[in-house]
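Enquirer: Pasted the sequence and its predicted model underneath.
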Amino acid sequence: MFNRNSLRQASSRFAFLFSLLLLLPATEALAAKDPVYTGVFSNTALKGYDTVAYFTEGKPVKGNKKFTHSWNGADWHFSSQENLDLFAADPEAYAPQFGGYCAYAVSQGYTASGDPTVWKIVDGKLYVNYNKSIGKKWRADPEKFIKLANENWPRVLG
């Protein structure tokens, strides 16, 4: 059975852990975000998809770790050495806008992860969105959302 002292210690530990959990959202909100979305436990941009392939093949293509290039604080994977070389020569031409964060979210003043399978090229620039539903909403008026997102970027990074 529990004695009074062990119950007090367990209660104190619980209270401490609970208070930490309450502080996590505030800490995350205050933390500056990376300029390229890579997820929490990764340093890979676009979840490993080849950003050049959207332009050359017109579709998302999974990259290969053996064709990796580091740029803007993230690792970018490519499906071929040729695509890696194209990106290395001019990363701004191929990198997704808003660092691969959801373009719609940025237009609304916040960030959300980008899904590399929900994408569109507009005026020679790649945009990704959070999911198919958000992508559909974004595609209804991409010019409007791009204008709003450009006004919010990079301030939304914190």
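Expert: Thanks, I have it.

Enquirer: In space, not sequence, find me the middle residue of this protein.
Expert: For the chain, residue 37 is the residue whose C-alpha lies nearest the centre (Cα atoms, centre = their mean; 2.7 Å).

Enquirer: Assumed that residue was part of a helix.
Expert: No - read with DSSP: H, G, I helix; E, B strand; the rest coil, residue 37 is coil and lies in no helix.

Enquirer: show me the contacts for it.
Expert: Residue 37 sits next to 45, 99, 100, 101, 111, 113, 114 when contact means Cβ atoms under 8 Å, 6 or more residues apart in numbering. Where C-beta positions appear, they are placed from N, C-alpha and C, glycine not excepted.

Enquirer: now do residue 67
Expert: 77, 78, 79, 80, 81, 83, 84.

Enquirer: which one of those has the most neighbours?
Expert: Each of the contacts of residue 67 was scored for neighbours by other Cβ atoms under 10 Å, and residue 78 scores highest at 28 neighbours.

Enquirer: Mind pulling up the pLDDT for it?
Expert: Reading off the confidence values, residue 78 has pLDDT 98.

Enquirer: what sits opposite it in the beta ladder?
Expert: Using DSSP bridges, the bridge partners assigned to residue 78 are residue 64.

Enquirer: Surely it touches residue 63?
Expert: Yes - Residue 78 is within contact range of residue 63, at 4.9 Å (criterion: Cβ atoms under 8 Å).

Enquirer: so where's the chain shaky on pLDDT?
Expert: The chain contains residues with pLDDT under 70 at 1-31.

Enquirer: hey, where'd the helices end up in it?
Expert: Applying DSSP state H to the chain gives helices spanning 4-30, 53-56, 81-89, 91-94, 103-107, 132-139, 142-152.

Enquirer: Name the residues of the fourth one that are buried.
Expert: Along helix 91-94, these residues count as buried under the neighbour rule (16 or more other Cβ atoms under 10 Å): residue 94.

Enquirer: which helices and strands does it pack with?
Expert: Helices and strands in packing contact with helix 91-94 are not found; criterion 3 or more Cβ pairs under 8 Å, 6 or more residues apart in numbering; DSSP states H and E.
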